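# Please find the sequence and the predicted model below.
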Amino acid sequence: MLSTAPFVNNSASSVTTDTISVVVPIYNEVESLPHLITAIADVMQANNYIYEIVCVDDGSRDGSTALLQKLAEERDDLRAIVLRRNYGQTPAMAAGFENAAGEVVISLDADLQNDPADIPNLLIKMDEGYDLVSGWRKDRQDNKWTRLIPSKIANLLIGRVTKVTLHDYGCSLKAYRSELLADINLYGELHRFIPALASIEGARIAEIPVRHHARQFGNSKYGLDRTFRVLLDLLTVWFIRKFLTRPMHAFGYLGLLMMSLGTMLGLYLSSLKVFLGQSIGDRPLLVLVAILFLAGLQLFGFGLLGELLMRTYHESQGRPIYRIRSIFGTSKYFKQDP
Ligand code: UDP
Ligand code: MG
C-alpha cells in the first residue's frame with residue numbers, strides 16, 4: 001500500500017477517523033466521470049472524512065484518460081492510475097486496491113449506477129466491527145430478463161456454494177478494511193467473489209441495502225455470456241474454499257475409490273478366468289477395469305501434484321495457512337515480547 005497519497009481532511013467530527021480510499025475502475029466512462037468525482041467528493045467532504053479518490057483507467061479509448069489526467073492535476077483529492085491496456089474490471093480494481101493508502105477502502109462503479117451517498121452508511125455499519133460491508137441493490141435498475149433473473153439465480157447458487165449468504169454479490173459498492181484486502185489475491189473476474197474470498201480469510205461480513213440507478217451514459221461492458229463465466233468462477237471458488245490446503249483430499253480420494261473399484265472388478269474377472277476357465281478378453285468389464293485403474297492412478301497423481309503446488313504457493317509467498325485476528329496478553333516469564 002502507498003503511504004504518500006494526497007489525503008484530504010475536512011476537519012474533525014466524523015463517524016470514522018480512519019483514512020478512506022475510494023477506488024473506481026473506469027473503462028470508457030468519459031461522460032459520467034465529472035459527475036462521479038463531484039458526487040464522491042461532495043459526500044466525503046460533507047461528512048468530514050479524511051479521504052482520497054483512486055481512479056483506475058482500464059485502457060479507455062473515449063477520452064476518459066485525458067480527462068482523468070486533467071482532473072487529477074487540478075484536484076488535490078484525486079489520483080489517477082492509468083493501465084497500459086484494457087485488462088478488465090477485476091485487474092482494474094486490484095490495481096486500485098494495491099495503490100490505495102487508506103485504512104478503509106470503498107469500491108464503486110464509475111457509471112453512477114452506485115450512489116456515493118451510501119458511503120456513510122457502509123462506514124457506519126463497518127464501525128460495528130465488520131471487515132467487509134457489501135451493498136445490496138434492493139431496488140435494482142437493470143434489465144429484468146438479461147440481468148435481474150440471471151443474477152438472482154447466480155446469487156442463490158453462490159450463497160449455497162460459498163456459504164456466505166448475501167442477497168447481492170454483484171454489487172460493486174462495498175467497504176473493506178485494507179488489511180483484509182492485503183490478504184486477498186484477485187485473478188480472472190473474481191472481484192464478484194470478494195465476499196467469499198474474504199470469508200475464506202476469516203473476515204466478518206455484513207450487507208446493507210443501497211440505492212441503485214439506471215445507467216445514464218455509455219453502455220454496460222458485459223453481455224449475457226457473463227453468467228456462464230460466473231458459474232465457472234464459482235467452481236474455482238468452491239474448490240479453493242474446500243481444498244486449497246489439502247488438494248489430495250479431493251483428487252486422492254476419488255483416485256483411490258476408482259482404483260479400489262478397478263482392483264475388485266479386476267480380481268473378479270481374474271477369478272473367473274483362473275478358477276472357471278472362462279474367457280474374459282472380450283468382456284466390456286475388462287475395459288472398465290482398465291479405465292478405472294488408469295484414471296484412478298492419474299487422479300491420485302493429480303492430488304500429489306496439487307499438494308506440491310499448494311506447498312509452493314504458501315511457502316514461496318510466505319503466506320501462512322491461517323490468519324490471526326488478535327493476540328491478547330504477554331507472558332510474565334519472558335522479559336520481551338516475542
Ligand atoms: N470496467 C472496467 N474494465 C472493464 C469493464 C468494466 O474498468 O473491462 C468498469 C466500468 O467502467 C464500470 C465497472 O467496471 O465502472 C462496471 O462495469 P459495467 O457498469 O459495465 O457493469 P454492469 O454495471 O453492467 O454490471
Ligand atoms: Mg454498471
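Yep, that arrived. Numbering: from 1, shown residues only. Ligands and ions are numbered 1, 2, ... in the order given.
# make it CA atoms for all contacts and neighbour counts henceforth
OK.
# Check whichever residue of the stretch 1-150 of the chain sits closest to ligand 1 and give its pLDDT.
Per Cα to the nearest ligand atom, G88 is where the stretch 1-150 of the chain lies closest to ligand 1, at 3.3 Å. Among the per-residue scores, G88 holds a pLDDT of 96.
# show me what contacts the residue nearest to the spatial centre of the chain?
The structure's the chain has its C-alpha centroid closest to I194; by Cα atoms, centre = their mean the separation is 2.7 Å. Shown in contact with I194 (Cα atoms under 8 Å, 6 or more residues apart in numbering): I184.
# pretty sure the residue of the stretch 1-150 of the chain closest to ligand 1 is touching D57, no?
No - using Cα atoms under 8 Å, G88 is not in contact with D57; the gap is 10.3 Å.
# Which one's more surrounded, these two?
Legend: neighbour count by other Cα atoms under 10 Å for G88 and D57, higher for D57 (30 against 16).
# any idea how far the residue nearest to the centre of the chain lies from G318?
21 Å (Cα to Cα, to the nearest Å).
# can you check I158 too?
I158 is 30 Å from G318, by Cα to Cα.
# Of these two, which one has the most company?
A count of neighbours by other Cα under 10 Å puts I158 above the other of I158 and G318, at 26 against 9.
# Output the set of residues of the stretch 201-338 of the chain in proximity to ligand 1.
220-222 (Cα under 6 Å from any ligand atom).
# among those, which ones are buried?
Neighbour counting by 16 or more other Cα atoms under 10 Å classes none of these as buried.
# what ranges do the strands span in the stretch 151-300 of the chain?
Using DSSP state E, counting those that start in this stretch, the strands of the stretch 151-300 of the chain run over residues 174-177, 205-210.
# so which of the ones you listed comes closest to P6?
For P6, the closest of these is strand 174-177, at 19.1 Å, according to Cα to Cα.
# In its sheet, which strands sit next to the closest one, and in what direction?
Using DSSP bridges, strand 174-177 pairs in its sheet with strand 104-107 (antiparallel), strand 132-137 (antiparallel).
# Just put those strands in JSON lines and tack on distance to ligand 1 and mean pLDDT.
Shown next, in JSON lines, are the strands paired with strand 174-177 (distance: least, Cα to the nearest ligand atom, whole Å; pLDDT from 0 to 100):
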{"stretch": "strand 104-107", "distance to ligand 1": "10", "mean pLDDT": "98"}
{"stretch": "strand 132-137", "distance to ligand 1": "11", "mean pLDDT": "97"}
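# what would these look like in JSON lines with mean neighbour count?
Shown next, in JSON lines, are those (neighbours: other Cα atoms under 10 Å):
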{"stretch": "strand 104-107", "mean neighbour count": "26"}
{"stretch": "strand 132-137", "mean neighbour count": "26"}
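# Redo the ones you listed as a markdown table? Include distance to T227.
Below are these laid out as a markdown table (distance: least, Cα to Cα, whole Å):
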| stretch | distance to T227 |
| --- | --- |
| strand 104-107 | 22 |
| strand 132-137 | 18 |
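# Look up how far ligand 1 lies from I327.
Taking Cα to the nearest ligand atom, to the nearest Å as the measure, I327 falls 38 Å from ligand 1.
# Neighbours of that residue, how many?
Residues contacting I327 under the criterion other Cα under 10 Å number 6.
# a strand runs through it, doesn't it?
No - under DSSP: H, G, I helix; E, B strand; the rest coil, I327 falls outside any strand and is assigned coil.
# what are the phi and psi angles of it?
Dihedral pair for I327: phi -130, psi 130, per degrees, to the nearest 10.
# need the contact list for it.
For I327, no contacting residues are found, by Cα under 8 Å, 6+ apart.
# For it, report the pLDDT, please.
Predicted confidence (pLDDT) for I327: 83.
# Distance check, it against R177.
Computed as Cα to Cα, the I327 to R177 distance reads 18 Å.
# got the residues of the stretch 51-200 of the chain near ligand 1?
Residues of the stretch 51-200 of the chain lying near ligand 1 (Cα under 6 Å from any ligand atom): 58, 86-89, 92, 109-111.
# redo that, cut-off 8 Å
Residues of the stretch 51-200 of the chain lying near ligand 1 by Cα under 8 Å from any ligand atom: 56-59, 86-90, 92-93, 108-111, 113, 170, 172.
# which of those are buried?
Using 16+ other Cα under 10 Å as the burial test, those include 56-59, 86, 88-90, 92-93, 108-111, 113, 170, 172 as buried.
# show me where pLDDT drops low in the protein?
Across the chain, the ranges flagged by pLDDT under 70 are 1-5, 9-15, 335-338.
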